[in-house]
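S.K.: Got a predicted structure here, sequence first:
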Amino acid sequence: MIAAIIRWSLHNRFLVLLATAFIIAWGIYALTRTPLDAIPDLSDVQVIIKTSYPGQAPQVVEDQVTYPLTTAMLAVPGATSVRGYSQFGDSFVYIIFKDGTDLYWARSRVLEYLSQVISKLPRNAKPALGPDATGVGWVYEYALTDRSGEHDIAQLRSIQDWFLKYELRTVPGVAEVASVGGMVKQYQVVVDPTRLRAYRLTLAQVRSAIENANQESGGSVIEMAEAEYMVRAHGYIKNGSELREIPLGLSSSGTPIKLEQIADIRLGPEMRRGIAELNGQGEVAGGIIVMRQGENALATIQAVKSKLESLKNSLPRGVEVVTVYDRSAIIKRAVANLRGTLIEEFIVVALVCLAFLFHLRSSLVVIITLPIGILVSLIVMKYQGINANIMSLGGIAIAIGAMVDAAIVIAGVRAGSAGRTLVRAAGLHQNLRHGRSRRLIDHLGAGAHGLFHPRKNSQRARKSYQSLVD
């Protein structure tokens, strides 16, 4: 069969060249659209449900949130396992699906079953799906610093939460921008229990009064002089002084009881569960870029960098964005390693063909074969959904050595009487790689007359050679 393919190729050179050109174009198309990453993604197809239940102990979160969610998610189609974790104020439920499940189909099924169980959760529990990312989606991290000292970490966190976070979410390929470090500013109402008891009020009444005072409502329209006037009640709290003036009720004498009479209102940080620190220089605020599943990591990181560069002029004076983690450097080194290996093989093959065959044009067989073989492998990777990472590119770099051996043998067959010497060179190359050069030469001994060591079965060798010549 191989002899028939060789014979057909020799008689139809134009079709072979046309097919080669088509494969090269297809390979270049696959090369430009194959996602680049540094780490192979071996994570399961999973959907995460994060539920915030502020101020509750882990056991309470487990009983009232995690357990109802995990039991409901057991019935999700395609789910292989459901894992629940309860922490202080937070619940995490991981639904693992079988391999090959479409991520967005899995997310829609989880949302369907979540809508059935959400009525069983406490009123203050707010479940939400995690980002459509995987465990290796953490591709970039940055920190906000102010060497001038004009902005504290609370202000840096505000810049991150209310400016950079929303801008970076618009970058293609970004699934989430997670804020870390700093302090989240909040108005804190510190109630005095003695005063609360003296005015015969409860914490529930105080909370309800604050919620009712911090909202707006509409009152339809009023028509006057052939014009309509919209009626709207302004009620959003804008500063601490407005918060102090919130009425809670009436005293025994009929005077209104204000919030400032029973509580201390102040601006302070939200309770923290950790900090972010940069190189021992102190606390900072920052963000983590999480890439969407299946996206090109290198393109996403470059787009994030470009966005941050365009936002520098919008930052307050003295505030700087410092890169903390950047995966693109590893990706570029992996690509450069493959490029360097390919160039080294080109040079070595050219020198071997020149030294053993005295025929430099024979090296063109290898120089043309290697890039085409790599392009074919990229086509397969593209349509199997495999991204180009350290493992896949490293495998291609290793396979280049085997491709070189085969190409040298073919060049030796074409070179005539010098082929015997060249096969010894190929055997030496194999010896350096696998330690079995003599075995390779003996295996190829019956290939063609005058090129290899003949075996005892010379009749079979002549037939094999004659088929190649025909």
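M.R.: Yes, it's here.
S.K.: Walk me through the domains of this structure.
M.R.: In terms of domains, the chain is parsed into 2-38+331-469, 45-129, 138-184+272-326, 190-269 (source: automatic domain parsing).
S.K.: Adding mean pLDDT and mean neighbour count as columns, could you present those domains in TSV?
M.R.: No exception for glycine: its C-beta is placed from N, CA and C like everyone else's. Shown next, in TSV, are these (pLDDT from 0 to 100; neighbours: other Cβ atoms under 10 Å):
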stretch	mean pLDDT	mean neighbour count
domain 2-38+331-469	69	16
domain 45-129	92	16
domain 138-184+272-326	91	17
domain 190-269	87	12
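S.K.: Torsion angles phi and psi at Ile257?
M.R.: Main-chain torsions, Ile257, degrees, to the nearest 10: phi -100, psi 120.
S.K.: Give me the nearest residue to it, chain neighbours excluded.
M.R.: In space, and not counting its chain neighbours, Ile257 is closest to Leu248: 4.6 Å by Cβ to Cβ, 6 or more residues apart in numbering.
S.K.: Could you pull out the helices in the stretch 151-300 of the chain for me?
M.R.: For the stretch 151-300 of the chain, the helices defined by DSSP state H, counting those that start in this stretch cover 153-159, 165-168, 193-198, 203-213, 240-244, 297-311.
S.K.: Could you dump these into TSV with distance to Ile6 added?
M.R.: Putting these into TSV (distance: least, Cβ to Cβ, whole Å) gives the following:
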stretch	distance to Ile6
helix 153-159	68
helix 165-168	56
helix 193-198	94
helix 203-213	83
helix 240-244	87
helix 297-311	41
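S.K.: centre of the chain versus stretch 195-207, how much separation?
M.R.: 50 Å (Cα atoms, centre = their mean, to the nearest Å).
S.K.: Ile390: what's it in contact with?
M.R.: Ile390 makes contact with Ala38, Ile39, Pro40, Ile330, Ala334, according to Cβ atoms under 8 Å, 6 or more residues apart in numbering.
S.K.: Then Ile2?
M.R.: Counting by Cβ under 8 Å, 6+ apart, Ile2 has no contacts.
S.K.: Name the helix or strand for Tyr85, please.
M.R.: Assessed by DSSP states H and E, Tyr85 sits inside strand 79-87.
S.K.: Next: Ile24.
M.R.: Counting by DSSP H and E, Ile24 is part of helix 13-33.
S.K.: Tell me which residue is most central in this structure.
M.R.: Nearest to the geometric centre of the chain sits Gly137, at 2.7 Å (Cα atoms, centre = their mean).
S.K.: can you tell me how far that one sits from Met291?
M.R.: Computed with Cβ to Cβ, to the nearest Å, the distance linking Gly137 and Met291 is 4 Å.
S.K.: Which neighbours do these two have in common?
M.R.: Shared contacts of Gly137 and Met291, defined by Cβ under 8 Å, 6+ apart, comprise Ala175.
S.K.: Strands along the stretch 1-150 of the chain, start to end?
M.R.: 45-52, 79-87, 90-97, 126-129, 138-146 (DSSP state E, counting those that start in this stretch).
S.K.: So which elements touch the shortest one?
M.R.: Secondary-structure packing of strand 126-129 (3 or more Cβ pairs under 8 Å, 6 or more residues apart in numbering; DSSP states H and E): strand 45-52, helix 103-117.
S.K.: who wins for proximity to Thr20 among those?
M.R.: Closest to Thr20 of those is helix 103-117 (Cβ to Cβ; 37.4 Å).
S.K.: quick one: contacts of the closest one?
M.R.: By Cβ under 8 Å, 6+ apart, the surrounding residues in contact with helix 103-117 are 45, 47, 49, 68-69, 72-73, 75-78, 95, 97, 127, 129, 132, 293.
S.K.: about what we covered before: distance to Leu351 added to the helices and strands packed on strand 126-129, as JSON lines?
M.R.: What follows is the helices and strands packed on strand 126-129, written out as JSON lines (distance: least, Cβ to Cβ, whole Å):
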{"stretch": "strand 45-52", "distance to Leu351": "49"}
{"stretch": "helix 103-117", "distance to Leu351": "49"}
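S.K.: who touches the closest residue in space to Glu167 that isn't next to it in sequence in this structure?
M.R.: Leaving aside its chain neighbours, Glu167 sits nearest to Leu311 (5.9 Å; criterion: Cβ to Cβ, 6+ apart). By Cβ under 8 Å, 6+ apart, the contact set of Leu311 is Phe163, Leu164, Glu167, Val321.
S.K.: For the helix holding Ile24, which helices and strands make contact with it?
M.R.: By 3+ Cβ pairs under 8 Å, 6+ apart, helix 13-33 packs against helix 363-384.
S.K.: Phi, psi for Asn124 please.
M.R.: When read as degrees, to the nearest 10, the backbone of Asn124 gives phi -80, psi -10.
S.K.: ok, it - contacts?
M.R.: The neighbours of Asn124, taking Cβ under 8 Å, 6+ apart as the test, are Tyr53, Pro54.
S.K.: ok, now Ile374?
M.R.: When contacts are taken as Cβ under 8 Å, 6+ apart, Ile374 is in contact with Gly27, Leu342, Ile396, Ile400.
S.K.: just to revisit the earlier point, list every C-alpha atom in the helix holding Ile24, with coordinates, as PDB.
M.R.: C-alpha atoms of helix 13-33 as PDB (Å, rounded to 0.1, in the frame of the first residue of the first chain):
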ATOM      1  CA  ARG A  13       2.900  15.800  -8.500                       C
ATOM      2  CA  PHE A  14       0.600  18.700  -9.100                       C
ATOM      3  CA  LEU A  15      -2.200  17.200  -6.900                       C
ATOM      4  CA  VAL A  16       0.400  16.500  -4.200                       C
ATOM      5  CA  LEU A  17       1.600  20.100  -4.300                       C
ATOM      6  CA  LEU A  18      -2.000  21.400  -4.300                       C
ATOM      7  CA  ALA A  19      -2.900  19.200  -1.300                       C
ATOM      8  CA  THR A  20       0.300  20.400   0.500                       C
ATOM      9  CA  ALA A  21      -0.600  24.100  -0.100                       C
ATOM     10  CA  PHE A  22      -4.100  23.400   1.200                       C
ATOM     11  CA  ILE A  23      -2.700  21.800   4.300                       C
ATOM     12  CA  ILE A  24      -0.300  24.700   4.900                       C
ATOM     13  CA  ALA A  25      -3.200  27.200   4.600                       C
ATOM     14  CA  TRP A  26      -5.400  25.200   6.900                       C
ATOM     15  CA  GLY A  27      -2.600  24.800   9.400                       C
ATOM     16  CA  ILE A  28      -1.900  28.600   9.400                       C
ATOM     17  CA  TYR A  29      -5.600  29.200  10.000                       C
ATOM     18  CA  ALA A  30      -5.600  26.800  12.900                       C
ATOM     19  CA  LEU A  31      -2.400  28.400  14.200                       C
ATOM     20  CA  THR A  32      -3.900  31.800  14.400                       C
ATOM     21  CA  ARG A  33      -7.000  30.500  16.200                       C
END
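S.K.: Please state the offset of it from the chain centre?
M.R.: Mean C-alpha position of helix 13-33 versus that of the full chain (Cα atoms, centre = their mean) differs by 30 Å.
S.K.: One more: stretch 295-312?
M.R.: 13 Å.
S.K.: which strands and helices sit next to the strand holding Tyr85?
M.R.: Secondary-structure packing of strand 79-87 (3+ Cβ pairs under 8 Å, 6+ apart): helix 58-61, helix 67-73, strand 90-97.
S.K.: just to revisit the earlier point, in this structure the residue nearest to Ile257 contacts Leu201, no?
M.R.: Yes: contact between Leu248 and Leu201 holds when scored by Cβ atoms under 8 Å: they sit 6.0 Å apart.
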